[in-house]
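>>> Model the structure of this input:
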Amino acid sequence: VALNLQEGKTIKKGTVLAKLYDGDLVAQLRKLEVQLQLAQKTEERQAQLLRVQGVSQQDYDISLLQVNNLKADIGIIKTSLEKTEIKAPFNGQISLKNISVGAYVTPANVITKINQNNILKVDFAIPEKYSARIKLGQLVALVTAGNIAETNAKIIAIDPNVEEKSRSLLVRAQLINPTKAVLPGSFAKIKISFDPDPNALLVPAQAILPQARGKKIIVYRNGIAQFQDVTTGGESRSDGRERTACETLSRTSFAAASRSIPNSNSTLILLVPLLLDEVIFRIPAMPLIAFSSGSVICVSTMSGLAPG
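Next up is the predicted model:
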């Protein structure tokens, strides 16, 4: 094999990268070309004799068939010769070569890789429960180890089937204006932003009490602490310094607590227990760190809560 590879060089589509040995094919082509010349002359003589009825139509057809067969064989040889040249299928940058000049190669050998850096795609999987919230054309953000800045990508394909073992859905996105800092084959962290749920309330994760048949929170209303059944969604973190983990509650399951609020300016206080039992804690007179979420205040149990 003869190589025309310069590692790290940018090449254009159609550039010859490698040339396989073709001496035997060239010899067969020359042989067929000589036979074709003789067959064409024979066909011309047969045509002249056919005009004066010197030969039969069958004899002329046989000589014409010979010419067409040789032309077809020449076409096959030329196609085989084209296969001895390995050309770049698209514009890109050559990676490291895996073989040297004169090596014996087979169709299973990888000569080199061509990286198309201007068109990059990323494949990732999402849990099955988010399948209805993923759409074609939706934007996602990704961060790689070599590029801390977020790069945007657009979803171009969604697998119509959910994997049975992992119960996840495969998604493919194409990067928008990728930079040189994003290298093909890199591991990326994907960030997907869904539309906000207007019917959701935000509370601290430690305020959620897991039960055998669901989850509950302790709601302080009219001087009385009450247990309230809730339905939680995805867990997230606030952007504050304390980074208190919060969970999203469905406003439908929280309707009973919502009705106790006389107006939008009222405050609903969630009591956060320090232990996973039914001990109720009163809010002391010392300041607490709170994270506002609309008409709801998520109270963080930093310190100073006393049982009562």
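>>> So which helix or strand of this protein has the lowest pLDDT on average?
Within the chain, confidence by mean pLDDT, DSSP states H and E is lowest for strand 306-307 among all helices and strands, at a mean of 34.
>>> Kindly state the pLDDT recorded for the residue lying closest to residue 138 once chain neighbours are set aside?
The spatial neighbour of residue 138 that comes closest, neighbours along the chain excluded (Cβ to Cβ, 6 or more residues apart in numbering), is residue 155 at 4.8 Å. Any C-beta I mention is one placed from the backbone N, CA and C, and that applies to glycine too. The per-residue pLDDT reported for residue 155 equals 93.
>>> Test my guess that residue 155 contacts residue 141.
No. At 11.9 Å, residue 155 and residue 141 do not qualify as touching, with contact defined as Cβ atoms under 8 Å.
>>> between the two, who's got more neighbours?
residue 155 (19 against 15; other Cβ atoms under 10 Å).
>>> I'd guess the more buried one is in a strand, am I close?
Yes. With DSSP: H, G, I helix; E, B strand; the rest coil as the criterion, residue 155 is located in a strand.
>>> In contact with it, which residues are there?
Neighbouring residues of residue 155 by Cβ atoms under 8 Å, 6 or more residues apart in numbering: 134-140, 171-173.
>>> give me that answer again for 6 Å
136, 138, 171, 173 (Cβ atoms under 6 Å, 6 or more residues apart in numbering).
>>> bridging residues for it?
With DSSP bridges as the criterion, residue 155 is bridged to residue 173.
>>> 51 is where my numbering starts, stick with that
Happy to do that; since the first residue is 51 now, the last one works out to residue 205.
>>> Residue ranges in the stretch 251-358 of the chain under the pLDDT threshold?
283-358 (pLDDT under 70).
>>> Touching, residue 244 and residue 183? I think so.
Yes. With contacts defined as Cβ atoms under 6 Å, residue 244 counts as touching residue 183 at a distance of 5.2 Å.
>>> related to what we said a few turns ago, gap between the residue nearest to residue 188 and residue 187?
To residue 187, residue 205 is 6 Å away according to Cβ to Cβ, to the nearest Å.
>>> Could you do residue 110 as well?
Taking Cβ to Cβ, one finds residue 110 at 65 Å from residue 187.
>>> More neighbours: these two, which one.
Between residue 110 and residue 187, counting by other Cβ under 10 Å, residue 110 is the more crowded of the two (18 against 7).
>>> so where does that one fall, helix or strand?
For residue 110, the element it lies in under DSSP states H and E is helix 107-133.
>>> Give me the neighbour count for residue 258.
Look at residue 258: counted by other Cβ under 10 Å, it has 21 neighbours.
>>> just to revisit the earlier point, and the contacts of residue 205, which are buried?
188, 221, 223 (16 or more other Cβ atoms under 10 Å).
>>> what's near enough to touch the second one?
With contacts taken as Cβ under 6 Å, 6+ apart, residue 221 has the following neighbours: 174, 205, 208.
>>> Any chance of a markdown table for those, columns distance to residue 93?
Formatted as a markdown table, the contacts of residue 221 follow (distance: Cβ to Cβ, whole Å):
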| residue | distance to residue 93 |
| --- | --- |
| 174 | 64 |
| 205 | 62 |
| 208 | 60 |
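>>> any idea which of those is closest to residue 85?
Relative to residue 85, the closest of the contacts of residue 221 is residue 208; by Cβ to Cβ it sits at 57.2 Å.
>>> Tell me what angle the longest helix belonging to the chain forms with helix 107-133.
Determined from DSSP state H, the single longest helix within the chain is helix 73-101. Per axes from the mean of the first three to the mean of the last three Cα atoms, to 10 degrees, the angle that helix 73-101 makes with helix 107-133 is 160 degrees.
>>> Which parts of helix 73-101 count as buried, going by neighbours?
For helix 73-101, a neighbour-count test (16+ other Cβ under 10 Å) marks 75, 78-79, 82, 85-86, 89, 92-93, 96, 100 as buried.
>>> Now the two most distant members of those residues.
Using Cβ to Cβ, the two most remote members of the buried residues of helix 73-101 are 75 and 100, lying 36.0 Å apart.
>>> before we move on, back to that, would you list the buried ones among the contacts of residue 205 in TSV and tack on distance to residue 258 and pLDDT?
Output for the buried ones among the contacts of residue 205, formatted as TSV (distance: Cβ to Cβ, whole Å; pLDDT from 0 to 100):
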residue	distance to residue 258	pLDDT
188	29	91
221	29	93
223	33	93
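>>> Tabulate these (TSV), appending distance to residue 240.
Shown next, in TSV, are the buried ones among the contacts of residue 205 (distance: Cβ to Cβ, whole Å):
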residue	distance to residue 240
188	12
221	9
223	8
